[in-house]
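Engineer: Next input, structure requested:
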Amino acid sequence: MDSMKANLLQQQEFPKKNTQKPYILTFIFVLTLIVTGILTVTTVIVIRQSSPGSDYSLVEPTPSKYIQALCSFAPHKHLCSSSILSSISTNTSSNYEFAPYLYPENIIFHSFQVAVTQLTHLANITKPNGTAESVLLECQALLNKELSGLNDSVSSFRNFYSFTKTEAGEYVAILNMMETNQQACLDKLEESSTGSTMINEIRLNVEKTRRYMSNTIAVLQNIDSVLDNLYGYPSSGTVDYYSYYFYGLSYEYMIIFVPQYVFLILLFILMLKLY
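Structural biologist: Residues are numbered from 1 along each chain as shown. Alright, predicted model coming up:
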């Protein structure tokens, strides 16, 4: 009898532990966190929309502004703008995909395309007679190989909506190598056949092709500045890109987030004490 009373006294002194307590606390904590997040997002949207002078309708730059921004970095600006406009009109007539969506990447695609078109013309020039024929055949084989590689680059590039500095650097390296090979071929042709009308034609076409390619190279090398001019923010994948967005959050959002999450922590501590 005494032992039973002792057990009852122990149970009264040490009540059974509530195993549901951790689950209740977790549920309350998660629910509070979700509600706080919803309130935060709603508050941000209201503040953004009610800010004086704020316009949140997305207005994309026009194709002409895209081209102007791209060609502002090209060494041959008039050739850049006229050739890209010509390529756009040709491609959009047969491919509706590019008509309403002339984003910077599509414009750069057309910059590639005009270089390919000119290089194709250069590779198909009629062979001259005489000693220069073997040299030209060698050069045409090299140009066709480069043309195939550039076409592959254009095809893959056409599927990208954005690209990194590394990818842009790879395209620049390809175009620089092609420029070097074209000049080497031209030098060999001039050595093997001086004063030929065909050589003069090839020389003019090589120079024209190099101008197209130098425009494309300049655009790729300055793509960050191009996007900054168009939209006012750096391109993705760069340090400036991430610092820009974190800087934008540093003041406006912290004013909203900090008090709410401090309240959340205090509420959680209070619940721990109550339970």
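Engineer: confidence score at V239?
Structural biologist: The confidence metric pLDDT takes the value 42 at V239.
Engineer: From here on, call the first residue 5.
Structural biologist: I'll keep to 5 as the first residue from here, and by that count the last item is V243.
Engineer: Let me know the distance separating T213 from Y175.
Structural biologist: When C-beta to C-beta, to the nearest Å is the yardstick, T213 and Y175 sit 16 Å from each other. C-beta here means a position set from N, CA and C on the backbone, and glycine is covered the same way.
Engineer: So, low pLDDT: which residues of the stretch 105-254 of the chain?
Structural biologist: Across the stretch 105-254 of the chain, residues meeting the criterion (pLDDT under 70) sit at 105-120, 122-137, 139-140, 153-169, 196-202, 231, 233-254.
Engineer: sec struct for A78, please.
Structural biologist: The assignment at A78 comes out as coil when based on DSSP: H, G, I helix; E, B strand; the rest coil.
Engineer: Give me the neighbour count for it.
Structural biologist: Taking other C-beta atoms under 10 Å as the neighbour definition, A78 ends up with a count of 23.
Engineer: Next: the one 10 residues further on.
Structural biologist: Here the count is done by other C-beta under 10 Å, and I88 has 27 residues near it.
Engineer: ok, it touching I71?
Structural biologist: Yes. With the criterion set as C-beta atoms under 8 Å, I88 and I71 qualify as a contacting pair; they are 5.5 Å apart.
Engineer: Quick check: L271 touching T36?
Structural biologist: Yes. Because the distance of 6.2 Å satisfies C-beta under 8 Å, L271 is recorded as touching T36.
Engineer: got the contact list for M181?
Structural biologist: Listed by C-beta atoms under 8 Å, 6 or more residues apart in numbering, the contact partners of M181 are E150.
Engineer: quick one: it from T36, how far?
Structural biologist: Applying C-beta to C-beta, the value for M181 to T36 is 61 Å.
Engineer: swap in Q187?
Structural biologist: In this structure, Q187 and T36 are separated by 70 Å, where distance is defined by C-beta to C-beta.
Engineer: More neighbours: these two, which one.
Structural biologist: Between Q187 and T36, counted using other C-beta under 10 Å, the more crowded position is T36 (16 against 13).
Engineer: so what's the more buried one up against?
Structural biologist: Residues in contact with T36 (C-beta under 8 Å, 6+ apart) are L268, L271, F272.
Engineer: The helix or strand containing it - what's its average pLDDT?
Structural biologist: Here T36 sits within helix 25-54, counting by DSSP states H and E. Regarding helix 25-54, the rounded mean pLDDT is 68.
Engineer: Give the next helix or strand downstream of that helix.
Structural biologist: Downstream of helix 25-54 (by DSSP H and E), the next one is helix 67-75.
Engineer: Which strands and helices lie in contact with the helix or strand that that following helix is followed by?
Structural biologist: For helix 67-75, the succeeding helix or strand toward the C-terminus, using DSSP H and E, is helix 81-98. For helix 81-98, the packing partners by 3 or more C-beta pairs under 8 Å, 6 or more residues apart in numbering; DSSP states H and E come out as helix 67-75, helix 108-127, helix 201-225.
Engineer: then helix 81-98 to PDB, C-alphas only?
Structural biologist: Once non-C-alpha atoms are left out, helix 81-98 reads as follows in PDB (Å, rounded to 0.1, in the frame of the first residue of the first chain):
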ATOM      1  CA  LYS A  81      28.600  51.000 -87.600                       C
ATOM      2  CA  HIS A  82      26.800  51.700 -90.800                       C
ATOM      3  CA  LEU A  83      27.700  48.300 -92.300                       C
ATOM      4  CA  CYS A  84      26.700  46.700 -89.000                       C
ATOM      5  CA  SER A  85      23.200  48.300 -88.800                       C
ATOM      6  CA  SER A  86      22.400  47.900 -92.600                       C
ATOM      7  CA  SER A  87      23.500  44.300 -92.800                       C
ATOM      8  CA  ILE A  88      21.600  43.300 -89.600                       C
ATOM      9  CA  LEU A  89      18.400  45.000 -90.800                       C
ATOM     10  CA  SER A  90      18.800  43.200 -94.100                       C
ATOM     11  CA  SER A  91      19.300  39.900 -92.400                       C
ATOM     12  CA  ILE A  92      16.300  40.500 -90.200                       C
ATOM     13  CA  SER A  93      14.000  41.300 -93.100                       C
ATOM     14  CA  THR A  94      15.200  38.200 -95.000                       C
ATOM     15  CA  ASN A  95      14.800  35.800 -92.100                       C
ATOM     16  CA  THR A  96      11.500  37.100 -90.600                       C
ATOM     17  CA  SER A  97       9.800  36.900 -94.000                       C
ATOM     18  CA  SER A  98      10.400  33.100 -94.000                       C
END
